[in-house]
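just coords:
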Ligand code: KMH
Ligand code: ZN
């Protein structure tokens, strides 16, 4: 009997470009609205139910332009049914106003990071008042947050803010693991951080770099959901670049099939995530 028999169908989120991956690292990272929409469709075809979206200027400079988000979301919607999640993290150093502006376009979801963290050599700043401000704007536009946690303290902060009513419960958490500055990316770390999560939440794991696929496999086995993509990891296997986030989605779909865990449809993902 499969270990996965009583688990919910697997939601895969594709993080297709991020703000820190550039063409000198991989030629396959999409920048323009057209490129982003094409990649989102490839990921949808490969089994992803949601795309985690950042936008870029034509030269790859990270942006939070509502105009670019709007163009990209429209192109994605014209191509495929995938849910669209905007980043409110943007790039290190952006203001809250910049980061939260595009929420007015009412994407299906948006990320909400619940604390600050060393981010490589930088600091990704999310003091509690900043988190409340972004959450308030999400509530204003009816956008459901994905609570993004780079360390266990961010889970604790999220629980505290949820008690304050800063965002709705049950929440959906994304555990970003294995980034330099954040929590580690081993199965041990995942086992521990899971114990902190509320029983009624849904959660996914986004392993950074070499942690991506091993953590995906673990999450599939224990009932979590998975985020993969070039934002988090550019390699399909050691030294082999993924030709796009879709190849990483395909790899997760294969792991799910091997574990006997069906993939969620977009309709099922909407239900699991309490989206209208
Ligand atoms: N680019 C990072 C500084 C998010 O999308 O919400 C933040 C980030 C998180 O990527
Ligand atoms: Zn992101």
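Arrived safely, thanks for sending. All figures in this text were calculated on a predicted structure; none of them were measured in a lab. Residues are numbered from 1 along each chain as shown. Ligands and ions are numbered 1, 2, ... in the order given.

Helix, strand, or coil at the residue in the stretch 51-200 of the chain that ligand 1 sits nearest to?
Going by CB to the nearest ligand atom, ligand 1 is nearest to residue 89 of the stretch 51-200 of the chain, at 2.5 Å. Using the backbone N, CA and C atoms, a C-beta is placed for each residue, glycine as well. At residue 89 the chain is in coil, as set by DSSP: H, G, I helix; E, B strand; the rest coil.

Could you pull up the residues touching it?
By CB atoms under 8 Å, 6 or more residues apart in numbering, the contact set of residue 89 is 19, 99, 111, 113, 124, 148.

7 Å - rerun?
The contact partners of residue 89, by CB atoms under 7 Å, 6 or more residues apart in numbering, come to 99, 111, 113, 124.

ranges for the helices of the stretch 1-150 of the chain?
Secondary structure of the stretch 1-150 of the chain (DSSP state H, counting those that start in this stretch): helices at 33-46, 66-79, 96-100, 128-140.

quick one on the thing from earlier: quick one: the residue of the stretch 51-200 of the chain closest to ligand 1 from residue 8, how far?
26 Å (CB to CB, to the nearest Å).

Same check on residue 139?
With distances taken as CB to CB, residue 139 is found 26 Å from residue 8.

Over to residue 180?
32 Å.

quick one, which of these two is more surrounded?
Higher neighbour count among residue 180 and residue 8: residue 8, with 17 against 11, using other CB atoms under 10 Å.

shaky segments in the chain?
The model of the chain has pLDDT under 70 over residues 1-5.

which parts of it sit against ligand 1?
18-20, 87-89, 91-92, 111, 113, 119, 124, 148 (CB under 6 Å from any ligand atom).

just to revisit the earlier point, I'd like the helices of the stretch 1-150 of the chain laid out as JSON lines, including mean neighbour count.
Rendered in JSON lines, the data for these read as follows (neighbours: other CB atoms under 10 Å):
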{"stretch": "helix 33-46", "mean neighbour count": "21"}
{"stretch": "helix 66-79", "mean neighbour count": "18"}
{"stretch": "helix 96-100", "mean neighbour count": "19"}
{"stretch": "helix 128-140", "mean neighbour count": "18"}
